[in-house]
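Enquirer: Sequence first, then the predicted structure, then my questions.
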Amino acid sequence: MAFILSAISKKYDKLGYIMMALYVLLMAILVHFPNAAQDELEMINGFRNIMLVGALLGFAKYMAADKRVIG
C-alpha cells in the first residue's frame with residue numbers, strides 16, 4: 001500500500017521501488033525457491049518474481065522523480 005501511494009504521489013518513489021524490489025526478491029528466495037524441487041509452478045513463480053525485481057530496479061533507476069533519498 002505504501003509503495004502504491006509513493007509511486008502515485010511521486011514522493012519517495014525511488015525508495016518505494018527499491019523497497020518493493022527487496023520484498024519481491026525475499027519472497028522469491030524464501031517462498032518460491034525452497035518448494036521449486038517439488039512443484040514446477042513454484043520455479044516459474046520464482047523466476048517471474050526475479051523478472052519483476054529487474055523491472056522495479058529499472059523503474060527506480062530511470063523513472064523515479066524523487067531522487068533525494070537514494071542518489
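Expert: Looks like it arrived, so ask away. Numbers count the residues shown, from 1 in each chain.

Enquirer: all strands for the chain, in order.
Expert: Assigned by DSSP state E, the strands in the chain number zero.

Enquirer: Most distant residue from the centre of it?
Expert: Taking CA atoms, centre = their mean, the residue of the chain most remote from its mean C-alpha position is Gln38, at 25.0 Å.

Enquirer: Spell out which residues sit in contact with it, please.
Expert: Neighbour list for Gln38: empty [criterion: CB atoms under 8 Å, 6 or more residues apart in numbering]. Where C-beta positions appear, they are placed from N, C-alpha and C, glycine not excepted.

Enquirer: By residue count, what's the longest helix in this structure?
Expert: If you go by DSSP state H, the chain has its longest helix at helix 40-62.

Enquirer: any low-confidence regions in the protein?
Expert: 69-71 (pLDDT under 70).

Enquirer: Find the residue at the geometric middle of it.
Expert: Among the residues of the chain, the one closest to the centroid is Ala21, at 2.2 Å (CA atoms, centre = their mean).

Enquirer: Next one: Leu57 from His32, what distance?
Expert: Going from Leu57 to His32 by CB to CB, to the nearest Å gives 19 Å.

Enquirer: quick one, what contacts Asn35?
Expert: Counted by CB under 8 Å, 6+ apart, Asn35 has contacts Glu42.

Enquirer: again, 10 Å this time
Expert: Shown in contact with Asn35 (CB atoms under 10 Å, 6 or more residues apart in numbering): Leu41, Glu42, Met43, Asn45, Gly46.

Enquirer: Look at the nearest residue to Met27 once chain neighbours are set aside and say how many residues are nearby.
Expert: Distances taken as CB to CB, 6 or more residues apart in numbering put Asn49 closest to Met27, at 6.0 Å, once the chain neighbours are dropped. Neighbours of Asn49 under the rule other CB atoms under 10 Å: 20.

Enquirer: My read is that Asn49 contacts Met20, right?
Expert: No: contact between Asn49 and Met20 fails when scored by CB atoms under 10 Å: they sit 11.3 Å apart.

Enquirer: Once you drop chain neighbours, what's closest to Leu56?
Expert: Ala21 (3.9 Å).

Enquirer: That neighbour and Val53 touch, don't they?
Expert: Yes: Ala21 is within contact range of Val53, at 4.8 Å (criterion: CB under 10 Å).
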